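K.L.:
Okay, sequence plus prediction incoming.
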Amino acid sequence: MVTETNSRADAANPGRAMPLSEQPSAWRRMRLWGAAHAVDDLYQGLVPACVPYFVLERHYSYVAAGGLTLAATLGSSIPQPFIGVAVDRYRSDWLAGAGVTLAGIGLGLSGLMDSYVAVWLLLCASGLGVAMFHPAAGKSARVAAGESATAMSIFAAGGSVGFFLAPVLATPALIAMGVGATALFIPPAVLMGFLLHRNRLQRPATRGLSRSGRDQWAPFLLLTCIETVRSVAFFGAITFIELFWIRHLGAGKSLAGAALACFLVGGVVGTLLGGRIADRVGMVRTVQFGAIVAIPALVGLRLTPGEYPPLLFAVLAGIALNIPFAVLVKLGQDYLPTRPGTAAGVTLGLAVSIGGLLAPALGVAAEHWGPEGVFTIICLIPLVALVLGVFLNEPAK
């Protein structure tokens, strides 16, 4: 009788919090959204993984190479806030499946085109797919995660896994087949789009599951600035780390791809670690801690000589830069409790994408000082995040 009563209450109020003893594990709640985030961000990670091969095979300049990163991030950054608002106002959860499909098709076709303009436009379309995915998926994932930063870190870590898998899967294919190998990555996007569509039909609508509370715009804007600073360092590293190994350290292409993979696997570890730290010491302290440890990790990466010893610092830098990632996403939704889609769109999309928008500026630095000059600049960026983090406060309950 009690079970029947609870079932009726759940049906009448799908946003009712389930007792902790009845909740599935964090992994069971988040595995689909973590996997979807991995597939979606695979295509973001494929852009910097492919850029060196466009440079070497198509003879693009450093500025043109940075422009390819710009195309993908431009497509994702501008529409992101508007899509977030639509997700909060309407039942737009279908955007998650459609977005990941578009992201994969755009990226997959880019390597088949000879024209730089065509490549640029396809990567921009791929970025638009990413913009469609993040707000809808971020809102649904937060509903599944509840108040657990650890659970939310599984969703966020999915994106880091996607970035990690990109060079691991792409480097052998690109070496063997050239940039036309991007077409091999279309099927995962289509499959995940289908799975998300089926899941959408099987679960109740999430439109009414937004929490109540007072939106705190001032700390949210400060948080957005911190995420933007973090993304500049992150995108700068993944765009130029392979060229740093090839043209500064004198390594081969395979080892350069391994360096990018080391950095990104560190990102997976850092994202999961950040969620656990936040559940113990608080979200704001975790954000500050990430900025502190990023500085020595990046300096070690820039200054350590040889082809192999810097790989250790590539892992450590990836961990440090990603410790705040999941925390920033959850913290943003706590600052805007009535607008979880908008918050996810900004923290997962707009603020992250701005880092890619600045890639051409780092490309200009690389033209003058080489890839090593870019990493010298990146070493200074966490100082800005550290200063901003001092003024961050815990969200009002």
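P.N.:
The structure has been received and is ready for your questions. Given the structure is predicted, the values throughout are model-derived calculations rather than measurements.
K.L.:
Quick check: which ranges of the protein have low pLDDT?
P.N.:
Low-confidence segments of the chain (pLDDT under 70): 1-24, 26-27, 203-212, 353, 355-357, 359, 397.
K.L.:
so where do the strands sit in it?
P.N.:
With DSSP state E, there are no strands along the chain.
K.L.:
In it, which residue is most central in space?
P.N.:
Central residue of the chain (CA atoms, centre = their mean): residue 159, 5.0 Å from the mean position.
K.L.:
Find the residue closest to that one in space, skipping its chain neighbours.
P.N.:
For residue 159, ignoring the flanking residues on the chain, the nearest one in space by CB to CB, 6 or more residues apart in numbering is residue 41 at 3.9 Å. Bear in mind the C-beta positions are built from the backbone N, C-alpha and C, glycine included.
K.L.:
Looks like the one you found contacts residue 156 (just checking).
P.N.:
No. Residue 41 sits out of contact with residue 156 when judged by CB atoms under 8 Å, with a separation of 9.9 Å.
K.L.:
Mind checking which of those two has more residues around it?
P.N.:
Of the pair residue 41 and residue 156, residue 156 is the one with more neighbours under other CB atoms under 10 Å, namely 32 against 27.
K.L.:
Residue 230 and residue 62: what is the separation?
P.N.:
Distance, residue 230 to residue 62, by CB to CB, to the nearest Å: 23 Å.
K.L.:
Compare those two and say which is more crowded by neighbours.
P.N.:
Taking neighbours as other CB under 10 Å, residue 230 and residue 62 compare with residue 230 leading, 27 against 23.
K.L.:
The stretch 201-350 of the chain: helices as residue ranges?
P.N.:
Per DSSP state H, counting those that start in this stretch, the stretch 201-350 of the chain carries helices over the ranges 217-247, 253-281, 283-303, 310-322, 325-335, 340-344.
K.L.:
In a markdown table: these, plus distance to residue 145.
P.N.:
Output for the helices of the stretch 201-350 of the chain, formatted as a markdown table (distance: least, CB to CB, whole Å):
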| stretch | distance to residue 145 |
| --- | --- |
| helix 217-247 | 18 |
| helix 253-281 | 10 |
| helix 283-303 | 13 |
| helix 310-322 | 18 |
| helix 325-335 | 8 |
| helix 340-344 | 11 |
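K.L.:
So which of those helices is nearest residue 110?
P.N.:
helix 217-247 (15.9 Å; CB to CB).
K.L.:
May I see the buried residues of the closest one?
P.N.:
Buried positions in helix 217-247, judged by neighbour count with 16 or more other CB atoms under 10 Å: 219-220, 222-247.
K.L.:
Please enumerate the helices of the stretch 51-200 of the chain.
P.N.:
Under DSSP H, counting those that start in this stretch, the stretch 51-200 of the chain gives helices at 62-77, 80-89, 94-110, 116-145, 149-177, 186-202.
K.L.:
and the third one with helix 62-77, angle?
P.N.:
If I follow you right, that is helix 94-110. 160 degrees (axes from the mean of the first three to the mean of the last three CA atoms, to 10 degrees).
K.L.:
Show me which positions of helix 94-110 end up buried.
P.N.:
95-110.
K.L.:
now swap in the second one and tell me
P.N.:
Within helix 80-89, the residues that qualify as buried are 80-81, 83-88, counting by 16+ other CB under 10 Å.
K.L.:
out of the residues you listed, which one sits closest to residue 189?
P.N.:
Ranked by distance to residue 189 (CB to CB), these are led by residue 83 at 18.0 Å.
K.L.:
Does the closest one touch residue 133 like I think?
P.N.:
No. Applying CB under 8 Å as the test, residue 83 and residue 133 come out as separate, 9.2 Å apart.
K.L.:
between those two, what contacts are shared?
P.N.:
Taking CB atoms under 8 Å, 6 or more residues apart in numbering as the contact rule, residue 83 and residue 133 both touch residue 95.
K.L.:
can you tell which of the helices of the stretch 201-350 of the chain is closest to residue 117?
P.N.:
For the helices of the stretch 201-350 of the chain, proximity to residue 117 was assessed by CB to CB; helix 217-247 is nearest, at 20.5 Å.
K.L.:
So what's the gap between that closest one and the chain middle?
P.N.:
In this view, helix 217-247 has its centroid 11 Å away from the chain centroid, taken as CA atoms, centre = their mean, to the nearest Å.
K.L.:
Show me what that helix is packed up against.
P.N.:
The helices and strands touching helix 217-247, judged by 3 or more CB pairs under 8 Å, 6 or more residues apart in numbering; DSSP states H and E, are helix 26-58, helix 62-77, helix 253-281, helix 283-303, helix 310-322, helix 325-335, helix 351-357, helix 359-390.
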